[in-house]
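A.B. asks: Here is my input, please return the structure:
(one chain, ligands or ions: 1)
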Amino acid sequence: MAGAAPHTPSDALVFFGASGDLARKSIFPSLYKMVKSGNLTVPVIGVAYSQWTLDDLHQRARDAIDATPSGVDDPAALDRLLSLLRYVDGDYQDPTTFTALRDVLGECGAPTHYLAIPPSLFGTVVQGLKSVDLHRNARVVVEKPFGRDLQSARELNSVITDAFDESAIFRIDHFLGKEEIMNLLYFRFANAMFEPIWNRNYIESVQVTFAEDFGVRGRGAFYESAGALRDVVENHLFQIVALLTMEAPTYQGYGAVQSAKANVFKAMRPLTRHDYVRGQFVGYRDEDGVAEHSDVETYAAVRLFIDSWRWSDVPFYLRTGKCLAASAGEVVVNFKRPPQALFNDALDPDQHPNRLRFRLQPEGEIGLGVRVKRPGEEFVGHEQELLLPTESPLEREPYERLLSDALQGDSALFTHEDSVEAAWKVVDAVLTDHAATIPYQPGTWGPEEAAGRLIGDDGPWHNPQPHARTYSAPHNGGHAR
Ligand code: BG6
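C.D. replies: A predicted model of the protein is given here:
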């Protein structure tokens, strides 16, 4: 086993999958921003099997940055990025690809290897790196999905830990690099006033919705092997739940957050088929790469329990889906009702109890829903939200943050092996033991069963609006409120 010492800066970034979709959509724009902010000054070696040249890689980088909302707004930074780029073309099965990479790395002796490739290739690439000693004094950054069930995640862990020390393995979940999601951790532990009520005595239920109003965007073949539960619930939504429910870290180091989160994953009760509603949007089967009779879910809603002293019996309702009615991510924490019905409207089932709403995207916002008396003779009221806009998540790309951290050896926002395996244990049974998908029309909030059978009296679901309440449309092409 090998690996760079924690917090030793890397002297090169190698990224496998340089010609791929993720590189175009997220990585090149992030590398460009890293150059602009001075966080990237080391050589960047793209590796792919596409019969490309360095010129092709340059072109891809330019096009990818051009396609972002701000485009190439700093031509000198783009030139600096291009001057850092190197390229190695080759089959990952072929040992000469790795000897060529070693030659290109030259004097760089402490690289970070980023695997932006399908998980089926992780093992091959790790073994290739090891065969030419490129695992020594190095780190490896691994993209999700990390395995496709408990068994494969364990196998993958064993292949990677055969070459790299656990402290040198950085498992990426890009949601953890989003400002609004980092703010969940900050908000909870920087405001001690919430702590006394942050438990089963005061909280009735929690909802997490991550909705997208678009389909699989040409990724039908990938989606067929994943589905919404693996693609979003088991990683992104579980991470959000862990940040919401973890105990306070006991010290400032990253290890403290990692282990507090791992304890949450370990306390999650394994899901059964009764906790899970699967949907598929009408039209999915016509997508390229999708089987004619596919039963892969494009919508997943689950009811989850955390069997811990703090959270016992509090239901967490999580849902995600493609082609839903809006693109937005929100968490709603519902508090219990007052113990006695003192006012005329107290028993009205349509009245919300107090709730705290974290809007995570596309804009950040925190809303505290409280009841206020309506003017008049009667003691009846209505819900008002105290609203707090938070920073725009567009300001920093998650990958910009995460790749910078990996290059510096800071693993606070990455996931450990024990958390990954514990999360798979929660979903493992329902990956195969589940009801068939229920069709739903694009533009809706998914199958009715999620509203009826699953959430029942703990409902209704809170459906996020397309925009934050504090959002005001941009007037100068920028993102404004
Ligand atoms: C990815 C999933 O991990 O996250 C996609 O594979 C999903 O299916 C995406 O669309 C959502 O992330 P973001 O940052 O684009 O909202």
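A.B. asks: and the helix or strand harbouring Glu224 with the ligand, contact?
C.D. replies: Using DSSP states H and E, Glu224 sits in helix 220-226. No: taking Cβ under 6 Å from any ligand atom as the criterion, helix 220-226 and the ligand are apart, separated by no less than 7.2 Å. Backbone N, C-alpha and C define where each C-beta goes, glycine included.
A.B. asks: Now Val47: phi and psi?
C.D. replies: Backbone torsions for Val47, taken as degrees, to the nearest 10, come to phi -120, psi 130.
A.B. asks: That one contacts Ser19, correct?
C.D. replies: No: with contact defined as Cβ atoms under 8 Å, Val47 does not count as touching Ser19 (9.3 Å).
A.B. asks: Provide the secondary structure category for the one residue in the stretch 1-150 of the chain that gets nearest to the ligand.
C.D. replies: Nearest to the ligand in the stretch 1-150 of the chain, going by Cβ to the nearest ligand atom, is Lys144, at a distance of 6.2 Å. Secondary structure for Lys144, judged by DSSP: H, G, I helix; E, B strand; the rest coil, is coil.
A.B. asks: what is the rounded mean pLDDT of stretch 432-448?
C.D. replies: Averaging pLDDT along stretch 432-448 gives 97.
A.B. asks: gap between the two ends of it?
C.D. replies: This stretch, stretch 432-448, spans 22 Å end to end (Cα to Cα, to the nearest Å).
A.B. asks: Just the pLDDT for Ser10.
C.D. replies: pLDDT, read off for Ser10, is 97.
A.B. asks: before we move on, what about Gly253?
C.D. replies: The model reports Gly253 with a pLDDT of 74.
A.B. asks: what about the helix or strand Phe98 falls within, distance to the chain center?
C.D. replies: Per DSSP H and E: Phe98 is located in helix 95-105. Here helix 95-105 is found 32 Å from its chain centre; the criterion is Cα atoms, centre = their mean, to the nearest Å.
A.B. asks: got it, and stretch 60-71?
C.D. replies: Using Cα atoms, centre = their mean, the offset of stretch 60-71 from its chain centre is 23 Å.
A.B. asks: Any idea how far apart the tips of that stretch sit?
C.D. replies: End-to-end span of stretch 60-71 (Cα to Cα): 13 Å.
A.B. asks: Quick check: buried residues in it?
C.D. replies: Arg60, Ala61, Arg62, Ala64, Ile65, Thr68 (16 or more other Cβ atoms under 10 Å).
A.B. asks: In terms of neighbours, single out the busier of Val47 and Ser19.
C.D. replies: Val47 (28 against 18; other Cβ atoms under 10 Å).
A.B. asks: so who does the more buried one touch?
C.D. replies: Val14, Phe15, Phe16, Gly17, Ala18, Tyr87, Val88, Asp89, Gly90, Thr97, Leu101 (Cβ atoms under 8 Å, 6 or more residues apart in numbering).
A.B. asks: do that again at 7 Å, thanks
C.D. replies: Residues near Val47 by Cβ atoms under 7 Å, 6 or more residues apart in numbering: Val14, Phe15, Phe16, Ala18, Val88, Leu101.
A.B. asks: Nearest to His293, out of these: which one, please.
C.D. replies: The closest of those to His293 turns out to be Phe16 (Cβ to Cβ; 34.2 Å).
A.B. asks: Ile160 is in contact with Ile169, correct?
C.D. replies: Yes: taking contacts as Cβ atoms under 7 Å, Ile169 lies within contact range of Ile160: 5.8 Å.
A.B. asks: any shared contact partners between these two?
C.D. replies: Val140, Val142.
A.B. asks: What residues does the stretch 201-350 of the chain have near the ligand?
C.D. replies: By Cβ under 6 Å from any ligand atom, the residues of the stretch 201-350 of the chain that approach the ligand are Glu212, Asp231, Val232.
A.B. asks: what's around the first one, how many residues?
C.D. replies: When neighbours are counted by other Cβ under 10 Å, Glu212 registers 19.
A.B. asks: List the buried residues for stretch 99-113?
C.D. replies: Thr99, Ala100, Leu101, Arg102, Val104, Leu105, Cys108, Ala110, Pro111, Thr112, His113.
A.B. asks: Contacts only, for the residue positioned nearest the centre of the chain.
C.D. replies: For the chain, Phe175 is the residue whose C-alpha lies nearest the centre (Cα atoms, centre = their mean; 3.0 Å). Going by Cβ under 7 Å, 6+ apart, Phe175 touches Ile181, His236, Gln239.
A.B. asks: Can you check the pLDDT for whatever residue of the chain ends up closest to the ligand?
C.D. replies: Sorted by distance to the ligand under Cβ to the nearest ligand atom, the residues of the chain start with Asp231, at 4.7 Å. For Asp231, the pLDDT comes out at 96.
A.B. asks: Quick one: classify it as helix, strand or coil.
C.D. replies: Relying on three-state DSSP, one would call Asp231 helix.
A.B. asks: Within its local environment, how many residues does it see?
C.D. replies: If you count neighbours by other Cβ under 10 Å, Asp231 ends up with 23.
A.B. asks: before we move on, what about Asp348?
C.D. replies: Asp348 has 10 nearby residues by other Cβ under 10 Å.
A.B. asks: State the pLDDT value of it.
C.D. replies: Listed pLDDT for Asp348 reads 76.
A.B. asks: just checking, it is part of a strand?
C.D. replies: No: using three-state DSSP, the assignment for Asp348 is coil, not a strand.
A.B. asks: mind checking the backbone torsions on it?
C.D. replies: Dihedral angles (degrees, to the nearest 10) for Asp348: phi -70, psi 120.
A.B. asks: is the closest residue in space to Leu229 that isn't next to it in sequence in a bridge, and if so with what?
C.D. replies: Excluding the flanking residues, the one nearest Leu229 by Cβ to Cβ, 6 or more residues apart in numbering is Ala300, at 4.5 Å. Going by DSSP bridges, Ala300 is paired in beta bridges with Arg278, Thr320.
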